Each structure stands twice: as structure tokens, then as C-alpha cells.
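A.B. asks: This is the structure alone, sequence omitted:
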């Protein structure tokens, strides 16, 4: 039986080379997989890595969408 590595926000950020605020933003805005226990947030390393692989695949198969349009200001 393999035990999944469970990390808190600071630990997962260090593991991925990110700032904790970036991990928080990914969780809130993009749905980074996590779970709550006793009011604390935890991340399973294998779930986060699988989510990142899926994000990478999605970015490679979908054309980039326009985020805005430029306009001339007089």
C-alpha cells in the first residue's frame, strides 16, 4: 500500500517552487485540488501533479483565447 504525500499550503508551495500566495490563488481561481480537515487546507502531492499535467495538456490542445482588445485612445 502506498501512502500519498499530504502537504500544507507552505509545504506544497516549496515542493513546486511557488509562493504560498500563488498556491492559494490557483486553489481559489483555478480549482487546485485540496481538502479541508479541522479547518486546515491540505494538498495531496500526486493529485496536484496530476492536475498540473491536465492543465498542461489543456493548454497544448486549446488555442489561446483573446484576453482583451486594443483600442486607440485619442
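C.D. replies: Yep, it's here. No experiment lies behind these values; they were computed from the predicted model shown.
A.B. asks: What is the neighbour count of residue 52?
C.D. replies: If you count neighbours by other C-beta atoms under 10 Å, residue 52 ends up with 14. C-beta coordinates here come from the backbone N, C-alpha and C atoms, glycine included.
A.B. asks: Name the helix or strand for it, please.
C.D. replies: Residue 52 is part of helix 45-61 when elements are defined by DSSP states H and E.
A.B. asks: In terms of secondary structure, what does that helix contact?
C.D. replies: On a contact count with 3 or more C-beta pairs under 8 Å, 6 or more residues apart in numbering; DSSP states H and E, helix 45-61 meets helix 9-16.
A.B. asks: if we go to 6 Å?
C.D. replies: Where contact means 3 or more C-beta pairs under 6 Å, 6 or more residues apart in numbering; DSSP states H and E, helix 45-61 is not packed against any helix or strand.
A.B. asks: If you count neighbours, what's buried in it?
C.D. replies: 48, 51 (16 or more other C-beta atoms under 10 Å).
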